[in-house]
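Chemist: Show me how the following folds:
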Amino acid sequence: MLPFALSAFLIASVWGWAWVFRQLATGRPIVRFQPTRRVPWTLLDILVFVYVFLLLKLIAGGAVRLMLGWDVNIESDESPLGVRAVVILGGATATLACMLVSVMLVRWMTRATWRDLGVDKRFLIRDVGLGLAAFILLAPPVYALQALLVQWFPSEHPLIQLLLEQPDPVFLGISAFAAVIVAPIAEEYFFRVLVQGWLQKLHSTGGAISSWIRIPPPTDSPTGARKSGTPDEQPLTDPTSIGTWPIFVSAGLFAVMHVQHGPDPIPLFVLAIGLGYLYRQTGRILPCILVHLLLNLCSLTALILALNGLEN
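Modeler: Presented below is the predicted three-dimensional model:
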């Protein structure tokens, strides 16, 4: 059934891209723009969030060292596989925990709503369908570019190396948790919601100082809630008001974060452009997470099938 499924997937992708080019030729958007508002956080807030994130990760790393023994070199590729597995699992768990702390910190510091953070349960079914459609469009060109590049530059992702050295169900479960669950949620939250959201605010305000540091606006109550009618509350009803360049900047930062993984930054940059466009048009994070999740899941599945083929 696998060749049939792949053929159907490619046919759907070709049909989808034909529809995309038809939309572009007629001047219509690929995804309808949803009115949004400026995010309440500033660059200074993002720097605080990053500092807290790194601090918590450092504490988590210390906890792992304490558990394994301070004399263990957990960064070395020559470390026992069991130790490396614990490090990867601990790192993924710490990343997810730090992200949850960051969300609470964002809401407390900036009075951000769930809608500001890209979460809107009213569009749950629509976002699932949108994420599936975007995956069908983005996966083939991303995979094709990756397949071309690895002919000259081998991929060096640590999870892939771990599975190649030890194709064990335990490591498979750890890899699935880290790559399919944690990475899509944490990375889309940081690069799309926090970074791209702020860059869009920077564009919409023309680089005003309120985008760099938070200036408390007048409030209706002692709670500090944003007063209705303030600039952040004004709806942005056109994509030109938040620009296109934030998509490319956030995509570039996303790619740079994977620079140690061989040629991966190039196809990931292409992927991130699609994810950035999806986030700009909807202002919601679920479609982006779903595309990222499915892409990582398919990559992990392909690796498992290849390992099974080598064993047989």
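Chemist: do you know how far Pro66 is from Phe171?
Modeler: Rather than Pro, residue 66 is Leu. According to Cβ to Cβ, to the nearest Å, Leu66 and Phe171 sit 23 Å apart. The way it works is simple: take the backbone N, C-alpha and C, and place the C-beta from them, glycine included.
Chemist: Have a look at those two and say which one is more surrounded.
Modeler: Phe171 (20 against 9; other Cβ atoms under 10 Å).
Chemist: tell me which residues in the helix ranked longest in the chain are buried?
Modeler: Among the elements of the chain assigned as helix by DSSP state H, the one spanning the most residues is helix 81-110. Within helix 81-110, the residues that qualify as buried are 83-92, 94-96, 98-99, 102-103, 105-106, 110, counting by 16 or more other Cβ atoms under 10 Å.
Chemist: who are the neighbours in contact with Tyr189?
Modeler: If a contact means Cβ atoms under 8 Å, 6 or more residues apart in numbering, then Tyr189 has 99, 102-103, 117-118, 285 as its contacts.
Chemist: burial of the closest residue to Ile242 other than its chain neighbours, as a residue count?
Modeler: Across the structure, with Cβ to Cβ, 6 or more residues apart in numbering as the measure, the residue nearest Ile242 apart from its sequence neighbours is Gln200 (3.8 Å). As a burial measure, the neighbour count of Gln200 was computed by other Cβ under 10 Å and equals 28.
Chemist: swap in the one 10 residues further on?
Modeler: As a burial measure, the neighbour count of Ser210 was computed by other Cβ under 10 Å and equals 17.
Chemist: got it, and Arg28?
Modeler: Arg28: 9 surrounding residues under other Cβ under 10 Å.
Chemist: State the distance from it to Ala133.
Modeler: 16 Å.
Chemist: Any idea how many residues pack against the residue nearest to Gln146 when sequence neighbours are not counted?
Modeler: Among residues not flanking Gln146 along the chain, Pro267 sits closest, at 4.4 Å (Cβ to Cβ, 6+ apart). Other residues lying near Pro267 total 24 when counted by other Cβ under 10 Å.
Chemist: Could you tell me the per-residue confidence at Pro267?
Modeler: At Pro267, the predicted lDDT confidence score is 93.
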